[in-house]
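# what's the 3D shape of this:
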Amino acid sequence: MRAVVIGSGIVGLSTAFELLRRGCEVVVVSADEVRSTTSFLAAAVWFPTAAGPADRVSAWSAETFTQLERLARDEVPGARMCKSLTVYRDEPEIPAWAGTVGEFRRARADELPPHYRSGFRFTVPLIEMPVFLPWLESQVRRGGARWVRRTIRKLDELDDLAPDVIVNCAGLRAGLLADDANVHPIRGQIVRVANPGISMSVRDEAHPLGRAYVHPRADDCILGGSLEVGAWDRTPDPQLTQSILRRCRDLVPRLADSTVLETLVGLRPGRAEVRLELDDTGSAPIPVIHNYGHGGSGVTIGYGCAREVAALVESL
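Model (predicted):
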């Protein structure tokens with residue numbers, strides 16, 4: 001079975017990896033280098049958010065957690081388990097995903113930043129995308145995948161590759177390829193700062209100034225962020241940068257004197273629900289499986305989605 005996978009972000013590469021593992025011949029078609037994808041900019045901590053449908057996301061998240069935990073245990077470049085803290089100004093409910101992660105418990109008062117009443121402690125995978133994505137690309141290439149650099153606007157532009165099945169993991173471009181008007185950009189701005197010695201990931205999804213998270217990496221920290229639905233502008237907003245810095249310093253006061261290294265903007269592929277299904281419209285002579293609309297949850301659910309795609313391919 002020759003599978004043509006469109007897209008080389010975390011979803012496309014995870015799908016190609018899983019198809020190769022199951023014995024498929026794989027061709028990866030991408031308009032961009034891996035380093036130019038939105039995934040390469042991602043802060044990339046496993047955390048179920050802003051994706052649906054809830055039941056499928058729960059299953060995909062659990063499968064992805066298991067895979068990323070295994071990679072971290074095997075010391076794959078860019079993958080590690082990270083102690084994490086979510087904080088709340090009001091008493092929260094225990095999240096549905098609590099049973100998936102290890103060491104989940106309520107935070108003690110002395111573990112909370114000032115002005116926070118409650119929080120949860122747990123350990124989840126943290127993925128340093130500038131390190132991990134090139135590693136994943138190398139695994140896909142080593143597995144025998146052929147790489148084609150091409151921008152496509154219609155699926156029939158792939159006929160020369162003689163696919164037995166096409167897997168649409170094209171992110172924002174996926175909507176155009178599938179004639180799906182429900183796909184939209186979700187603009188995300190992050191700030192990269194020098195790491196003052198922080199090792200724990202901290203987040204507040206309901207900060208008064210907007211969602212806030214601090215994700216420590218080996219040589220820096222990623223501070224975020226924004227979820228601007230429908231915004232296409234990739235130009236960093238200086239006012240938003242200052243707002244992000246203020247929010248994140250509320251969470252981690254040690255960041256007060258950290259040097260700002262750069263501000264980055266990426267466009268997540270948004271959709272009310274992830275579309276993962278075999279296209280049954282009958283409009284294409286070659287089977288098409290869609291796998292797009294992951295929003296900011298590509299790292300959290302990407303491998304679980306890849307496994308479902310592979311099962312669909314095996315059923316053809």
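
# what's the neighbour count on I94?
Neighbouring residues of I94 were enumerated by other Cβ atoms under 10 Å; the total is 10. No exception for glycine: its C-beta is placed from N, CA and C like everyone else's.

# disregarding residues adjacent in the polypeptide, which is nearest to it?
In this structure, I94 finds its nearest non-sequential neighbour in F120, 7.6 Å apart by Cβ to Cβ, 6 or more residues apart in numbering.

# for that neighbour, list the residues it contacts.
85-86, 92, 94-95, 98, 104-107 (Cβ atoms under 8 Å, 6 or more residues apart in numbering).

# at 10 Å what do you get?
Applying Cβ atoms under 10 Å, 6 or more residues apart in numbering to F120 gives the contacts 84-88, 92, 94-95, 98, 101, 104-107.

# in strands, which of those appear?
Residues of these located in strands (DSSP state E): 84-88, 104-106.

# and which of those residues is nearest to T66?
Closest approach between the ones in strands among the contacts of F120 and T66, by Cβ to Cβ: F104, at 15.6 Å.

# pretty sure that closest one sits against T123.
Yes: F104 is within contact range of T123, at 8.5 Å (criterion: Cβ atoms under 10 Å).

# overlap in contacts of those two?
Residues touching both F104 and T123 (Cβ under 10 Å, 6+ apart) are S84.

# still on that earlier bit, what about the residue nearest to I94, helix or strand, and which?
F120 belongs to strand 118-127 when assigned by DSSP states H and E.

# in the helix or strand just after that strand, what counts as buried?
Past strand 118-127, further along toward the C-terminus, the next helix or strand under DSSP H and E is helix 129-142. Buried residues in helix 129-142, counted by 16 or more other Cβ atoms under 10 Å: 129-130, 132-137, 139-140.

# ok, now stretch 80-91?
80-82, 84-88.

# nearest to L68, of these?
Nearest to L68 out of these is M81 (Cβ to Cβ; 8.6 Å).

# A79 reaches V124, doesn't it?
No: A79 is beyond contact range of V124, at 11.5 Å (criterion: Cβ under 10 Å).

# where do the contact lists of the two overlap?
68-69, 72.

# where in the chain is pLDDT low?
Applying pLDDT under 70 to the chain flags the ranges 282-284.

# so where do the helices sit in it?
Here the chain has its helices, by DSSP state H, at 10-21, 54-73, 129-142, 174-178, 238-251, 298-315.

# for I152, which of these is the nearest?
Per Cβ to Cβ, nearest to I152 of these: helix 174-178, 7.0 Å.

# how far does the closest one sit from the chain's center?
When distances are taken as Cα atoms, centre = their mean, to the nearest Å, helix 174-178 is centred 19 Å away from the chain's centroid.

# which secondary structure elements does that helix sit against?
Secondary-structure packing of helix 174-178 (3 or more Cβ pairs under 10 Å, 6 or more residues apart in numbering; DSSP states H and E): strand 165-168, strand 260-270, strand 275-278, strand 288-292.

# ok, which of those strands comes nearest A44?
Nearest to A44, of all the helices and strands packed on helix 174-178, is strand 260-270, at 11.4 Å by Cβ to Cβ.

# distance to T151 and mean neighbour count added to the helices and strands packed on helix 174-178, as a markdown table?
Output for the helices and strands packed on helix 174-178, formatted as a markdown table (distance: least, Cβ to Cβ, whole Å; neighbours: other Cβ atoms under 10 Å):
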| stretch | distance to T151 | mean neighbour count |
| --- | --- | --- |
| strand 165-168 | 14 | 25 |
| strand 260-270 | 16 | 19 |
| strand 275-278 | 21 | 17 |
| strand 288-292 | 16 | 25 |
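
# is A42 in contact with G171, as I believe?
No: counting by Cβ under 10 Å, A42 sits too far from G171 to count as a contact (11.7 Å).

# many thanks, we can stop here.
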